[in-house]
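> I would like the atomic coordinates for the input below:
(one chain, ligands or ions: 1)
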Amino acid sequence: MKKKILKAAFLLMIAACAACAFPMAVSASSADNANPEAERASLRYSYENIPNEETGRLKFITDGDKETFYKAARDIHLKFTASVPVKSLYFMFEKPCKWKLTLPDGTVKQGGENEFMHEYFSLESEVTEFEIDIPQDSWLTDVFAFSDGALPDWVQIWQPPCERADLLVLPTHADDEYAWFGGALPYYAGELGYNVQVVYLTNHFNNTIRNHELLNALWYVGVRNYPLITDRFLDTMDTREDAESVFGRENVLEFQVEILRRFAPRVILAHDINGEYGHAAHILNASTLLDALEIYENPEIYPESAKKYGIYKIQKCYLHLWPKNTIVVPWGTMFLSKFGGKSSLKVAIKGLAFHKSQEQYGIVARDWGKKDCRKFGLAYTTVGPDTNGLNDLFEHVDFNDSIEIPPEPSEPVSVVSQTDVSSQSITPENVKKQPRIPVWVIILAVILVLVNATALIFAGSLKKQDVKQG
Ligand SMILES: [Zn+2]
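Prediction:
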């Protein structure tokens, strides 16, 4: 009898627990379905201290057109009023700058951290007013405000650049990442969710529409870590023929050693040593990279970046069209569930199409011919050669590798924070590459353990009572 009661109680508890666990998933998905689209608020703005002749272009910041922008001739303070209560804000700039967002409760948020040009803020509570301070010489493209709800997919919520990159992709210009590296970004970032860091050698701050094209395309193909675009090497026409004397070979080498240390990539994907179509900046980018790989492990060379970031051993570097240890990655037949079954090549071609300003130059992502975007060669490896025919950029790659030379602490740190740093630098990476167990399975397992324990205790106490009664 008591056994039956126990069994019934046990089953009831399981049912109750399952009812607790499963509705989370169900209600989340039904909430998604029910989640109405966020409304884009119309915005009115007011300002002080801007001379009349400078206010004409202000209208462009609310026109939603990325080709028009307001260039601040001085430090500017703007106050916005939204037509409906808003829960999120989205700002677009033509080039990076540091700026400030102030909310009605006095909260101040820093904008332009990590050089973000497209920046999203989710607000704790709804507001109908907000203020911004943008510095002199900043170029503000657009301000968007949304009510609570599902955001349009073009709103970009960037993560900071990678702490450690599984894959480092090194285009010279915006659009090279699709034309020469094919489906690498859609596949590794978009489909597999690897930590993928894109670092552009040059910037397009002289042709700012390209910055929007660059970010919109990366977002579309599934990159989530913000790309590195520095102000060191401006893209100009001269660099097509002679990048070495324009940029300085030593400057490029130092930059590359720094990014190898900063992003500590496991695998690198970079340009053809012959510059695909002979572009001198592509050639420089590839040839200094090979030099950088020879020296980046020596902390005495460019010691500042070694002290700051420490040094991990890089496992592989592929160059486009490199003639030795070759692979052909079949982007055209690698179909991606995250993109409705499109091939990674097709997604890359769509990514390239965001670069409308470059259409005139006829750059395309082709899986045939002399510039085939599927063809790479292993130009550097510390994990041995690839297996012939496997065509896997990550073959032999160890995801549990640890740091060779740790960074030097910038100031004396307590024992506690040292522990924090080391656990941060190893644990999340290792965890990420383990097979993933759905959260609900973990919750259910914990509940079952608890239920079993409760049942055992319950049974134990009944037994005790039996003994006492007996
Ligand atoms: Zn290029």
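> Can you tell me which residues in the stretch 51-200 of the chain are near the ion?
Thr172, His173, Asp176 (Cβ under 5 Å from the ion). Backbone N, C-alpha and C define where each C-beta goes, glycine included.
> Please repeat the previous calculation with a cut-off of 8 Å.
By Cβ under 8 Å from the ion, the residues of the stretch 51-200 of the chain that approach the ion are Pro171, Thr172, His173, Asp175, Asp176, Ala179, Trp180.
> what bridges to the closest residue to the last one other than its chain neighbours?
Leaving out its chain neighbours, the residue that sits closest to Trp180 by Cβ to Cβ, 6 or more residues apart in numbering is His320, at 4.8 Å. Note on His320: beta-bridge partners Phe376, judged by DSSP bridges.
> gap between His320 and Phe376?
According to Cβ to Cβ, to the nearest Å, His320 and Phe376 sit 6 Å apart.
> Need the overlap of contacts for the two.
Common neighbours of His320 and Phe376 (criterion: Cβ atoms under 8 Å, 6 or more residues apart in numbering): Leu269.
> Centre of the chain to stretch 160-172, how far?
Stretch 160-172 has its C-alpha centroid displaced from the chain centroid by 8 Å (Cα atoms, centre = their mean, to the nearest Å).
> Can I get that stretch in CSV? Just the C-alpha atoms.
Taking Å, rounded to 0.1, in the frame of the first residue of the first chain, the C-alpha atoms of stretch 160-172 are listed here in CSV:
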residue,chain,number,x,y,z
PRO,A,160,32.8,43.2,-29.2
PRO,A,161,35.7,41.8,-31.2
CYS,A,162,36.8,38.2,-30.3
GLU,A,163,39.0,37.6,-27.3
ARG,A,164,40.2,34.5,-29.1
ALA,A,165,39.3,33.8,-32.7
ASP,A,166,38.8,30.3,-34.0
LEU,A,167,39.1,31.8,-37.4
LEU,A,168,40.8,35.1,-38.4
VAL,A,169,39.9,36.3,-41.8
LEU,A,170,42.2,39.0,-43.3
PRO,A,171,40.6,40.8,-46.3
THR,A,172,42.4,44.0,-47.5
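> Quick check: mean pLDDT of that stretch?
Computed over stretch 160-172, the mean pLDDT rounds to 98.
> Quick check, the residue in this protein closest to the ion?
Relative to the ion, the nearest point of the chain is His173 (3.6 Å; Cβ to the ion).
> Got the domain ranges for this protein?
Annotated domains of the chain cover 43-146, 167-406+424-430 [automatic domain parsing].
> For those, give me JSON lines that also has mean neighbour count and distance to Pro161.
Shown next, in JSON lines, are these (neighbours: other Cβ atoms under 10 Å; distance: least, Cβ to Cβ, whole Å):
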{"stretch": "domain 43-146", "mean neighbour count": "16", "distance to Pro161": "6"}
{"stretch": "domain 167-406+424-430", "mean neighbour count": "19", "distance to Pro161": "5"}
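> Serialize the ones you listed to TSV and add fields for distance to Trp154.
Formatted as TSV, the domains of the chain follow (distance: least, Cβ to Cβ, whole Å):
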stretch	distance to Trp154
domain 43-146	9
domain 167-406+424-430	7
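> one step back: which of the residues of the stretch 51-200 of the chain next to the ion sits closest to Lys59?
The closest of these to Lys59 turns out to be Asp175 (Cβ to Cβ; 30.7 Å).
> dump the residue contacts of that closest one.
By Cβ under 8 Å, 6+ apart, the contact set of Asp175 is Glu213, Leu214, Ala217, Leu352, His355, Gln358, Ile363.
> and the ion, which of the residues you listed reach it?
Applying Cβ under 8 Å from the ion to those, those adjacent to the ion are Ile363.
> Can you lay out the contacts of Asp175 as a markdown table showing pLDDT and secondary structure?
Below are these laid out as a markdown table (pLDDT from 0 to 100; DSSP: H, G, I helix; E, B strand; the rest coil):
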| residue | pLDDT | secondary structure |
| --- | --- | --- |
| Glu213 | 97 | helix |
| Leu214 | 97 | helix |
| Ala217 | 98 | helix |
| Leu352 | 97 | helix |
| His355 | 96 | coil |
| Gln358 | 92 | helix |
| Ile363 | 88 | coil |
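> Which members of the contacts of Asp175 are the farthest-apart pair?
Of all pairs in these, the most separated under Cβ to Cβ is Leu214 and Ile363 at 13.7 Å.
> joint contacts of these two?
Contact criterion Cβ under 8 Å, 6+ apart; residues shared by Leu214 and Ile363: Asp175, His355.
> beta partners of the closest residue to Leu58 other than its chain neighbours?
Spatial nearest neighbour of Leu58, excluding adjacent residues (Cβ to Cβ, 6+ apart): Tyr70 at 5.4 Å. Applying DSSP bridges to Tyr70 gives these bridge partners: Leu140.
> Who are the contact partners of Tyr70?
For Tyr70, the contact set (Cβ under 8 Å, 6+ apart) comprises Arg57, Leu58, Phe60, Ile61, Trp139, Leu140.
> With adjacent residues omitted, what lies nearest to the third one?
In space, and not counting its chain neighbours, Phe60 is closest to Thr68: 3.9 Å by Cβ to Cβ, 6+ apart.
> Can you name the residues of the stretch 251-400 of the chain sitting close to the ion?
Counting by Cβ under 8 Å from the ion, the stretch 251-400 of the chain sits next to the ion at His271, Glu276, His279, Ala281, His282, Ile363.
> quick one: strands adjacent to the helix or strand hosting Tyr90?
Taking DSSP states H and E as the definition, Tyr90 sits inside strand 76-93. Paired neighbours of strand 76-93 in the sheet (DSSP bridges): strand 43-47 (antiparallel), strand 118-134 (antiparallel), strand 139-146 (antiparallel).
> What pairs with the very next helix or strand once past it, parallel or antiparallel?
Counting by DSSP H and E, the next helix or strand C-terminal to strand 76-93 is strand 99-102. Sheet pairing for strand 99-102, assigned by DSSP bridges, gives strand 108-111 (antiparallel), strand 118-134 (antiparallel).
> Adding mean pLDDT as columns, could you present these in a markdown table?
Listed next are the strands paired with strand 99-102 as a markdown table, based on pLDDT from 0 to 100:
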| stretch | mean pLDDT |
| --- | --- |
| strand 108-111 | 97 |
| strand 118-134 | 97 |
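> would you turn those strands into a markdown table with distance to Asn195?
Output for the strands paired with strand 99-102, formatted as a markdown table (distance: least, Cβ to Cβ, whole Å):
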| stretch | distance to Asn195 |
| --- | --- |
| strand 108-111 | 24 |
| strand 118-134 | 20 |
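> that older thread, could you find the lowest-pLDDT member of the residues of the stretch 251-400 of the chain next to the ion?
Ile363 (88).
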